[in-house]
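Chemist: The following block contains a protein sequence and its predicted model.
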Amino acid sequence: MLPQQVSLFLSMDDLDRRIIAELQFDPRQNNAKLATSLGITQHTVGKRIERLVSSGEIIFTALPYMPLFGFYISAYIGLRLRQKSMLPLIAAQLCKSPQIRYVSSCEGFADIFIGGDFKNNDDLSNFISEHIAKIEGISQINTMVEIKRIKEPSFGRFGIRNLRRNITPKREGIVIDEINHLIILELQKDARKPLKNLASLMKMSEQTISLRIKKLIASGAIELATLVSDKVIMDSQNVFVAIKIDLPKVVEVGTYLATFPVVANAGIYSGDFQILAYLNADSPEDINNFTNKELLKIDGVNRIDWLINLKVLKRGFSWIR
């Protein structure tokens with residue numbers, strides 16, 4: 001049984017949510033188009049977006065397909081501490097690492113859970129031996145390397161049409177030259193950056209920049225996204241679940257799990273557990289119902305272990321460097 005946790009509430013009205021939903025569908029659509037779609041004035045749209053951005057409730061960014069940029073290994077690492085009192089100091093050290101995009105304090109099979117992108121196995125091994133293993137107070141390191149992505153993360157989108165595409169586009173036919181690399185870096189800072197600003201920076205025409213962005217998106221090299229903050233997506237209703245499965249049934253079970261809306265993202269991993277899934281639901285009861293009525297009854301599932309986020313200390317996204 002998943003423990004009950006206190007939910008947080010935020011002051012976001014229906015219009016804010018409608019604006020965000022439209023921007024998640026297309027982050028680069030202009031304010032005039034948004035105003036027409038929503039039946040409000042362009043001034044209202046601009047003011048609302050400005051407030052949502054300045055308050056940190058949304059960000060506009062580009063999510064890259066990391067293997068195209070030399071990062072072939074995605075891994076999560078669970079850490080056990082000798083003393084829980086050391087958690088703030090150790091977590092602060094981990095948050096400073098550029099390789100790490102996710103850090104949370106947890107309850108379950110780890111005290112601290114981190115996730116990051118690495119160029120290869122040697123890069124990951126060196127990070128563990130040269131960085132993590134030398135941090136005072138860590139008693140156990142459990143590394144889970146992603147072997148296959150089952151379901152792409154939705155990163156706090158709301159609305160079915162705003163979820164990442166079910167069919168993964170072909171990551172081919174695109175060259176990440178110096179210009180494309182710079183465009184992506186700028187779009188990661190702000191996916192709504194005006195074409196005229198990008199064109200001025202690259203010393204190219206707006207038409208050329210627009211065409212390059214369209215090709216980057218169509219090829220699957222990047223996805224432009226409007227992401228909401230942790231104030232909107234409540235961590236009290238989001239948990240990791242590690243699943244031990246009979247090896248011959250791993251792909252079959254993983255494919256089936258991906259069909260459930262409560263499974264926000266999932267992958268097949270090396271280590272003691274074969275599947276790591278991130279569950280997102282309206283309430284802890286929904287997660288419990290999914291676990292008891294669906295997950296535990298799937299043929300091939302032998303064991304599950306919870307990892308409940310107590311506090312997310314760093315939630316970043318894959319950045320090319």
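Modeler: Cool, the structure landed.
Chemist: Pull the number of nearby residues for Asp13.
Modeler: Per other CB atoms under 10 Å, the neighbour tally for Asp13 reads 8. Every C-beta, even on glycine, is put in place using the N, C-alpha and C of the backbone.
Chemist: And for Val53?
Modeler: 14.
Chemist: Next: the one 4 residues further on.
Modeler: Other residues within reach of Glu57, judged by other CB under 10 Å, total 19.
Chemist: Nearest spatial neighbour of it, chain-adjacent residues omitted?
Modeler: Ser229 (5.1 Å; CB to CB, 6 or more residues apart in numbering).
Chemist: List the residues that contact that neighbour.
Modeler: 56-59, 156 (CB atoms under 8 Å, 6 or more residues apart in numbering).
Chemist: partner residues bridging Gly108?
Modeler: Beta bridges link Gly108 to Leu307, judged by DSSP bridges.
Chemist: Arg48 and Ile19, how far apart?
Modeler: For Arg48, the distance to Ile19 equals 5 Å [CB to CB, to the nearest Å].
Chemist: Just want to know which of the two has more residues nearby.
Modeler: Ile19 (23 against 20).
Chemist: the strands in the stretch 151-300 of the chain, which residues?
Modeler: Counting by DSSP state E, counting those that start in this stretch, the segments of the stretch 151-300 of the chain that form strands are 222-228, 238-245, 263-269, 275-280.
Chemist: May I see those organised as CSV, with mean neighbour count added?
Modeler: Shown next, in CSV, are these (neighbours: other CB atoms under 10 Å):
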stretch, mean neighbour count
strand 222-228, 22
strand 238-245, 22
strand 263-269, 22
strand 275-280, 22
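Chemist: Now distance to Lys314 too, for these, in a markdown table please.
Modeler: Formatted as a markdown table, those follow (distance: least, CB to CB, whole Å):
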| stretch | distance to Lys314 |
| --- | --- |
| strand 222-228 | 14 |
| strand 238-245 | 15 |
| strand 263-269 | 18 |
| strand 275-280 | 16 |
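Chemist: Ok, which of these comes nearest Leu198?
Modeler: strand 222-228 (12.9 Å; CB to CB).
Chemist: where exactly do the helices run in the stretch 151-300 of the chain?
Modeler: Ranges of helices in the stretch 151-300 of the chain, per DSSP state H, counting those that start in this stretch, are 178-189, 195-202, 206-219, 250-257, 284-293.
Chemist: Off-centre distance for the second one?
Modeler: Just to be clear, that refers to helix 195-202. Mean-position distance between helix 195-202 and its chain equals 28 Å (CA atoms, centre = their mean, to the nearest Å).
Chemist: can you check the last one too?
Modeler: Here the centre of helix 284-293 is set off from its chain's centre by 22 Å, with CA atoms, centre = their mean.
Chemist: can you state the direction angle for that helix and strand 263-269?
Modeler: Interaxial angle, helix 284-293 versus strand 263-269 (axes from the mean of the first three to the mean of the last three CA atoms, to 10 degrees): 50 degrees.
Chemist: got it, and the longest one?
Modeler: Direction vectors for helix 206-219 and strand 263-269, defined by the same axes, to 10 degrees, enclose an angle of 70 degrees.
Chemist: so how far is stretch 252-268 from its chain's centroid?
Modeler: The answer for stretch 252-268 is 15 Å, by CA atoms, centre = their mean.
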